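Peer 1: Next input, structure requested:
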Amino acid sequence: MKLIGITGFIGSGKTTVGQIFKDLGYVVFDMDVWCRKMYFEKNFLKVIKQEFPQTFKNNEFHKKTLRNLVFSNEKELQKLESLTHPYLKNKLLKTIHKNRFNPYFIFIESALLFKMGLNKYCSNTIITTAPYKVMEKRVMFRDKISENDFEKIFNNQDKTIIPDVSCFIIDTNQSLNHLKTDIIQITKELETC
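Peer 2: Coordinates of the predicted model:
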């Protein structure tokens, strides 16, 4: 098995690139999906309630309140990451172990690939890029948030995406057909790595 990372800033096109790989028949794991599922696990919500009691009203969890809290306070963001990152890393390591005899590529999509040090498990990395205003427009539409909310999220995102020789950089600010062509070319190059 070769694990290939897909990473980039919020709204840079990671999910679109991941979906194209899925359409081509590859397995793609999305860490954002794993993260969203955490918030439906009773044990995890107990920890959130203990650490962030203000995010619960009438015993009901409000994720938007948590998002607003952590993206306006670096200390609170670090506290949340200390809870989520070990879970996500453990999930990735279990996934790698489970698929270790798979002879094909497996992709992992994560904005935090470099911040969490998960790139060390990847034989190659694909970095998605797009202009700031394009990312902003995508996220505002997708998440129904304001420019101000996007700016808070973007400014708190990890900026340690560091391309190296094993990285492919793909500009997602192009037509879907051109993007698919670029991705098919990347798969051909990955096969020869």
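Peer 1: Quick one: list the elements packing against the lengthiest helix in the chain.
Peer 2: For the chain, the longest helix by residue count, based on DSSP state H, is helix 74-98. For helix 74-98, the elements it packs on are helix 31-38, helix 42-51, helix 63-70, strand 105-109, judged by 3 or more Cβ pairs under 8 Å, 6 or more residues apart in numbering; DSSP states H and E. Placement of C-beta: from N, CA and C, glycine included.
Peer 1: mind saving the C-alpha coords of the shortest one as CSV?
Peer 2: Output for strand 105-109, consisting of C-alpha atoms alone and laid out as CSV, is shown next (Å, rounded to 0.1, in the frame of the first residue of the first chain):
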residue,chain,number,x,y,z
PHE,A,105,-2.8,3.7,-3.5
ILE,A,106,-4.9,4.9,-0.7
PHE,A,107,-5.4,8.6,-0.2
ILE,A,108,-5.9,10.5,3.0
GLU,A,109,-7.4,14.0,2.8
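Peer 1: Direction included, what does that strand pair against?
Peer 2: Note on strand 105-109: by DSSP bridges, its sheet partners are strand 2-8 (parallel), strand 27-30 (parallel).
Peer 1: would CSV of those strands with mean neighbour count be doable?
Peer 2: Compiled in CSV, the strands paired with strand 105-109 are given as follows (neighbours: other Cβ atoms under 10 Å):
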stretch, mean neighbour count
strand 2-8, 23
strand 27-30, 18
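Peer 1: and Ile169, which of these is closest to it?
Peer 2: Ile169 lies closest, by Cβ to Cβ, to one member of these: strand 2-8, at 9.1 Å.
Peer 1: ok, residues contacting the closest one?
Peer 2: 14, 17-18, 21, 28, 96, 104-114, 118-119, 121-130, 161, 190, 193 (Cβ atoms under 8 Å, 6 or more residues apart in numbering).
Peer 1: how far out from the middle of the chain is that strand?
Peer 2: A distance of 10 Å separates the centroid of the chain from that of strand 2-8, by Cα atoms, centre = their mean, to the nearest Å.
Peer 1: Could you name the helices and strands sitting against the lowest-mean-pLDDT helix or strand in the chain?
Peer 2: Lowest mean confidence among the helices and strands of the chain (mean pLDDT, DSSP states H and E): helix 147-156, at a mean of 88. Under the contact criterion of 3+ Cβ pairs under 8 Å, 6+ apart, helix 147-156 touches helix 132-143.
Peer 1: Next, the angle strand 2-8 makes with the helix it packs on.
Peer 2: Using axes from the mean of the first three to the mean of the last three Cα atoms, to 10 degrees, the inter-axis angle of helix 132-143 relative to strand 2-8 is 100 degrees.
Peer 1: buried set for helix 132-143?
Peer 2: By neighbour count with 16 or more other Cβ atoms under 10 Å, helix 132-143 contains the buried residues 134-136, 138-139.
Peer 1: Closest one of those residues to Gln185?
Peer 2: Closest to Gln185 out of the buried residues of helix 132-143 is Val134 (21.8 Å), distances taken as Cβ to Cβ.
Peer 1: and the closest one, what does it touch?
Peer 2: Val134 makes contact with 11, 173, according to Cβ under 8 Å, 6+ apart.
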